[in-house]
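# model this:
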Amino acid sequence: MSSSSNCVKIIEICDTELSPSELSLEPIRADALILLESTELVLHLEFQTQPDANIPFRMIDYRLRVYRRFPEKQMRQVVIYLKETNSELVQQNTFTIAGTRHEFEVIRLWEQPTEVFLRYPGLFPFAVLGETDDRARTLQQVAQEIIAIPDQRLQRNVAAATAILAGLVLEKGLIQRVLRRDIMRESVIYQEIEAEAKAEGRAEGRAEGLQEGIRRVAINLLKSQMPLAEVAKLTGLSVEDVQLLQTEIEGEST
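Predicted coordinates:
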C-alpha cells in the first residue's frame with residue numbers, strides 16, 4: 001500500500017481537515033492524530049510519545065476506513081515517534097496476519113539530522129528532538145531562527161510549539177530562559193494551553209473544596225454520635241474513610 005521510510009519528507013497537500021469522526025465505527029485514540037485530504041490523497045499522521053503495540057493495527061484500521069469513504073484516493077500514513085527509546089515497537093512498519101500485509105511509514109525523530117528541521121519554520125519545533133549531542137544548544141539555534149521569522153503571528157506560534165515539544169526532553173527553566181515568554185504569551189497555542197490549565201486548576205480547586213466540605217460535615221455528624229454507617233450513607237464517604245475520621249477525632253480528644 002505504501003512503502004517504508006525513515007526520512008523526513010516535505011509533503012505538499014491542501015489543508016482540508018478530515019475529522020476522525022467521519023471515519024469512525026468506534027473511536028480510535030492516539031497521542032496526536034492529523035488527517036488531511038486533497039483531491040488525490042489522504043494524509044494520516046500519528047505522533048507518539050511512547051511506543052504502542054497497537055499502532056500497526058490502528059494504521060490498517062484507518063486505511064480501511066478511508067478506503068470505505070474514499071475508495072478512489074491514495075493514502076499516505078506516517079507514524080512519528082517523538083521521544084528516543086530502545087523499544088522494538090518503534091521499528092514496526094507493517095501489520096501482518098495470514099493473507100494480509102499492510103505497510104506504513106515510520107519516522108524516529110532522534111535519528112533525523114537537526115539541520116533538516118531548521119530549513120522550514122513549520123519544522124523548527126521538532127529540531128530539539130532530532131539527532132543532536134546538545135539539545136540545549138539546539139534549542140538556542142532554534143530560538144535564533146524563530147527571532148528571525150518576520151511574521152509575528154507565525155513567530156509566536158512556532159515559539160509556543162517549540163516550547164511544548166522541548167518539554168519532552170529539556171527542563172522547564174531552561175526552555176523559559178531560551179525562549180522569550182513574552183513572545184509565546186501572544187500565541188494562540190500558548191493562550192489555549194494556559195486557558196485549559198487555569199480551567200483544570202479551578203475544577204481541581206472546586207473538587208478539593210467540595211471534599212473538604214464533606215469531610216467537615218462527616219466530622220460534625222460523628223461528634224454528634226451518629227453511627228458510622230449512617231454518616232457514610234449521608235456523606236457518600238466509604239465506611240473506611242469515616243472510620244479514619246473517627247480515629248482522628250478520638251486522637252484529638254486524648
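# wait, residue 123 sits on residue 116?
Yes - taking C-beta atoms under 8 Å as the contact criterion, residue 123 and residue 116 are neighbours in contact, 7.3 Å apart. Yep, even glycine has a C-beta here, placed from its N, CA and C like the rest.
# can you give me the buried ones in stretch 36-51?
36, 37, 41, 42, 43, 44, 45, 46, 47, 48, 51 (16 or more other C-beta atoms under 10 Å).
# lowest pLDDT pick from those?
Model confidence across the buried residues of stretch 36-51 bottoms out at residue 37, which has 73.
# I figured that one was touching residue 72, is that so?
No - counting by C-beta under 8 Å, no contact exists between residue 37 and residue 72, whose distance comes to 11.7 Å.
# my read: residue 155 touches residue 149, true?
Yes - the pair residue 155 and residue 149 passes the contact test of C-beta under 8 Å, sitting 4.1 Å apart.
# ok, which stretches of the stretch 51-200 of the chain are helices?
55-69, 114-117, 135-147, 152-166, 172-178, 181-185, 188-223 (DSSP state H, counting those that start in this stretch).
# any idea which of those helices gets closest to residue 247?
Counting by C-beta to C-beta, residue 247 lies closest to helix 188-223 out of the helices of the stretch 51-200 of the chain; the figure is 10.3 Å.
# after that closest one, which helix or strand is next?
Of the helices and strands lying after helix 188-223 in sequence (DSSP states H and E), the nearest is helix 228-235.
# and the contacts of that following helix?
Residues outside helix 228-235 that contact it (C-beta atoms under 8 Å, 6 or more residues apart in numbering) are 214, 217, 218, 221, 222, 237, 238, 239, 241, 242, 243, 246.
# now, of the residues you listed, which are buried?
If you count burial by 16+ other C-beta under 10 Å, the buried members of these come out as 218, 221, 222, 237, 241, 242, 246.
# export those to a markdown table and append columns for pLDDT and distance to residue 88.
Listed next are these as a markdown table, based on pLDDT from 0 to 100; distance: C-beta to C-beta, whole Å:
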| residue | pLDDT | distance to residue 88 |
| --- | --- | --- |
| 218 | 82 | 51 |
| 221 | 79 | 57 |
| 222 | 80 | 56 |
| 237 | 82 | 47 |
| 241 | 85 | 45 |
| 242 | 84 | 50 |
| 246 | 84 | 53 |
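# quick one: those as TSV, columns for distance to residue 66 too.
Supplementary listing: these in TSV, determined by distance: C-beta to C-beta, whole Å:
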residue	distance to residue 66
218	54
221	59
222	60
237	50
241	50
242	54
246	60
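# which two of the residues you listed have the greatest separation?
Across those, the longest distance by C-beta to C-beta is 12.8 Å; it joins 221 and 241.
# can you list the contacts of helix 228-235 in a markdown table and add distance to residue 163?
Listed next are those as a markdown table, based on distance: C-beta to C-beta, whole Å:
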| residue | distance to residue 163 |
| --- | --- |
| 214 | 39 |
| 217 | 44 |
| 218 | 44 |
| 221 | 49 |
| 222 | 49 |
| 237 | 42 |
| 238 | 42 |
| 239 | 47 |
| 241 | 41 |
| 242 | 46 |
| 243 | 47 |
| 246 | 49 |
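# cheers, nothing more for now.
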